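Visitor: compute the structure for the input listed below.
(2 chains)
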Amino acid sequence: GAGVSQSPRYKVAKRGQDVALRCDPISGHVSLFWYQQALGQGPEFLTYFQNEAQLDKSGLPSDRFFAERPEGSVSTLKIQRTQQEDSAVYLCASSLLGLGLADTQYFGPGTRLTVL
Amino acid sequence: EDKVVQSPLSLVVHEGDTVTLNCSYEVTNFRSLLWYKQEKKAPTFLFMLTSSGIEKKSGRLSSILDKKELFSILNITATQTGDSAVYLCAVGGYGGATNKLIFGTGTLLAVQP
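Guide: From the prediction side, this is the model:
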């Protein structure tokens, strides 16, 4: 597609439910990122994929968060047993080049997760 | 610890004014600095800066990087109401198995008619 797409755009979950957020990066982009953005804050890094390899997951806040990109294109961020503090906008970004190269990251519209 | 600090946190101007937004950073092995504009949706890319002293321009927007003093500025001339948004500064560094960006908290710009 022309840009990064994410689904769903909005998700309401009850505390304790599992959620799955999807990201479709720009076709051909090697790198894929997930960020979490709390209200009034800048995005904070969660995890990074180069093709299908998850090279950095240092930003995942707990073991309830899991991400995958099995075929090197679409990615899914899964949050198990959601908590209220998980409420945020989850942004996906992709870039053309791989590790170590200065490159522009293009962002999707985000998924706004609200945990009740 | 790597960090990015933006100032001011918020700014209110009138149409036609010129504004300057600031971004200072501390990052290990600097690679690039990026500016994004965020309205109520995805951050949209404005500029990527990698070299000191070279101004990048796009219409009424321009930006420059000073790698010695570790800061960048984003200028917007002849502001319009459509410029109202949060402007995010982000920095990437070399090293480790990541290409992650570290973001500042943003500057909220409101342009009044």
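
Visitor: what about the residue of chain B found nearest chain A, how many neighbours?
Guide: Nearest residue of chain B to chain A: B:Phe103, at 3.3 Å (Cβ to the nearest Cβ). For glycine as for every other residue, the C-beta is placed from the backbone atoms N, C-alpha and C. When counting by other Cβ atoms under 10 Å in any protein chain shown, one arrives at 22 neighbours for B:Phe103.

Visitor: what values do phi and psi take at it?
Guide: When read as degrees, to the nearest 10, the backbone of B:Phe103 gives phi -100, psi 150.

Visitor: how far away is the nearest residue to it once chain neighbours are set aside from A:Ala53?
Guide: In space, and not counting its chain neighbours, B:Phe103 is closest to A:Gly42: 3.3 Å by Cβ to Cβ, 6 or more residues apart in numbering or on different chains. When distances are taken as Cβ to Cβ, to the nearest Å, A:Gly42 and A:Ala53 turn out to be 26 Å apart.

Visitor: let's verify the residue nearest to A:Val12 when sequence neighbours are not counted: helix, strand, or coil?
Guide: The shortest distance from A:Val12 to any residue other than its chain neighbours is 4.9 Å, reached at A:Thr114 (Cβ to Cβ, 6+ apart). Per DSSP: H, G, I helix; E, B strand; the rest coil, the secondary structure class of A:Thr114 is strand.

Visitor: again with B:Val86
Guide: Three-state assignment for B:Val86 (three-state DSSP): strand.

Visitor: picking that back up, how close does the residue of chain B closest to chain A get to B:Leu34?
Guide: Noted for B:Phe103: a distance of 9 Å to B:Leu34, by Cβ to Cβ.

Visitor: what sits in contact with each of these two?
Guide: Residues touching both B:Phe103 and B:Leu34 by Cβ atoms under 8 Å, 6 or more residues apart in numbering or on different chains: B:89-90.

Visitor: circling back to that earlier point, quick one, grab the pLDDT at the residue of chain B closest to chain A.
Guide: Looking at B:Phe103, its pLDDT is 96.

Visitor: I'd guessed it sits against B:Cys89; true?
Guide: Yes - with contact defined as Cβ atoms under 8 Å, B:Phe103 reaches B:Cys89; the gap is 7.2 Å.

Visitor: what is in contact with these two at once?
Guide: Taking Cβ under 8 Å, 6+ apart as the contact rule, B:Phe103 and B:Cys89 both touch B:Val4.

Visitor: sweet, I'm off.
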